[in-house]
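Chemist: Just a sequence and a predicted model for now, questions to come.
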Amino acid sequence: MLKRHAAVAGFVLAVLFTSGPASAGSYEKAREMVEVAGVRESIELVIPMAVDEALSGLAAQGANEQSLALLREVFIDEITDAIPEYLDLVASVYARHFSDSELTEIIVFYETPVGRKMVAKTPNIISESEQAAAGWMLTVLSRIGENLEEKLRERGLAA
């Protein structure tokens, strides 16, 4: 058992290190790209929605509204304070996947009128996409329910 865990750990480490660490220059360029691309603004939009989704389970269980409001406030404040750490992580990922020259090209794009429009529109696109996805998911779940019910009847597992 220990040998298998050691082998798995060795494999994971090999995969991590073969992708190569980001150079300091690539990281700095990636961090610039992350800022110009509006990642901060996008995550700031998503945080309240994600927290509300996470807390909806507690609300459904009848949690006190004042407690939920406090939880929401604390979660949003803490996560918002941690955004710079998140941006560092994202920059590190980009730095591993793109060269300095590619990152420069991406930055140049985001500094064009179309790139700036993309950054400006992305929060609205994320919000609209989430709303569309919620409606789509309800439709899919309804179809799944109908299909499952039919298959259960076909196999004699439901009345």
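Modeler: Alright, I've got the coordinates.

Chemist: CA atoms for contacts and neighbours, from now on please.
Modeler: Will do.

Chemist: can you give me the offset of the longest helix anywhere in the chain from its chain's centre?
Modeler: Longest helix in the chain by number of residues (criterion: DSSP state H): helix 113-154. From the chain centre to the centre of helix 113-154 is a distance of 16 Å (C-alpha atoms, centre = their mean, to the nearest Å).

Chemist: for stretch 83-90, same thing?
Modeler: That offset, for stretch 83-90, works out to 12 Å (C-alpha atoms, centre = their mean).

Chemist: Strands of this structure, residue ranges please.
Modeler: Under the criterion DSSP state E, the chain contains no strands.

Chemist: Output the below-cut-off pLDDT ranges for it.
Modeler: Confidence mapping of the chain against pLDDT under 70 gives the ranges 1-25.

Chemist: all helices in it, in order from the N-terminus.
Modeler: So, for the chain - with DSSP H - the helices run 2-18, 24-36, 39-60, 65-81, 83-97, 100-110, 113-154.

Chemist: Can you say which of those helices is packed in most?
Modeler: helix 24-36 (a mean of 20; mean count of other C-alpha atoms under 10 Å).

Chemist: Provide the contact partners of that one at residue level.
Modeler: 40, 87-88, 90-92, 94-96, 98-100, 103-104, 106-107, 110-111 (C-alpha atoms under 8 Å, 6 or more residues apart in numbering).

Chemist: how does it look with 7 Å?
Modeler: 87-88, 91-92, 94-95, 99-100, 103, 106-107, 110 (C-alpha atoms under 7 Å, 6 or more residues apart in numbering).

Chemist: export those to JSON lines and tack on distance to residue 65?
Modeler: Listed next are those as JSON lines, based on distance: C-alpha to C-alpha, whole Å:
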{"residue": "87", "distance to residue 65": "32"}
{"residue": "88", "distance to residue 65": "35"}
{"residue": "91", "distance to residue 65": "38"}
{"residue": "92", "distance to residue 65": "39"}
{"residue": "94", "distance to residue 65": "40"}
{"residue": "95", "distance to residue 65": "43"}
{"residue": "99", "distance to residue 65": "49"}
{"residue": "100", "distance to residue 65": "49"}
{"residue": "103", "distance to residue 65": "46"}
{"residue": "106", "distance to residue 65": "45"}
{"residue": "107", "distance to residue 65": "44"}
{"residue": "110", "distance to residue 65": "42"}
